[in-house]
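Participant: Would you be able to build a 3D model of this:
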Amino acid sequence: MKLSFGEKVRNLREDAELNQTELGERTGMTQRKVSYIECGKCEPSVEDIVALCSFFHVSADFLLGLPRGLSYP
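Facilitator: Here you go, the predicted structure:
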């Protein structure tokens with residue numbers, strides 16, 4: 001089963017034992033924005049993606065669900 005961006009963020013947050021407010025504070029987002037991203041009500045900005053990747057030490061490819069080994073022209 002393929003997880004959505006928001007589901008991946010929620011799983012990472014829960015694995016880190018953080019609530020939405022704590023994640024927001026550590027990534028420069030509000031609790032509401034974290035909530036909206038997790039439930040798919042809003043799309044994350046590039047800055048949000050970078051902040052989440054940096055905080056959780058994961059790649060943007062992972063969060064965005066891109067296949068491994070993509071080759072670019």
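Participant: which residues does the residue positioned nearest the centre of the chain contact?
Facilitator: Central residue of the chain (C-alpha atoms, centre = their mean): residue 9, 4.0 Å from the mean position. Listed by C-beta atoms under 8 Å, 6 or more residues apart in numbering, the contact partners of residue 9 are 34, 37-38, 52, 63. Bear in mind the C-beta positions are built from the backbone N, C-alpha and C, glycine included.
Participant: Put together TSV for the residues you listed, with secondary structure, pLDDT and neighbour count on each row.
Facilitator: Shown next, in TSV, are the contacts of residue 9 (DSSP: H, G, I helix; E, B strand; the rest coil; pLDDT from 0 to 100; neighbours: other C-beta atoms under 10 Å):
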residue	secondary structure	pLDDT	neighbour count
34	helix	98	26
37	helix	98	24
38	helix	98	20
52	helix	98	24
63	helix	94	20
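Participant: Residue 2: which of those residues is nearest?
Facilitator: For the contacts of residue 9, the closest approach to residue 2 (C-beta to C-beta) belongs to residue 63, at 12.6 Å.
Participant: I'd assumed residue 6 was in contact with the closest one.
Facilitator: No: the pair residue 63 / residue 6 is not scored as a contact, 9.8 Å apart, by C-beta atoms under 8 Å.
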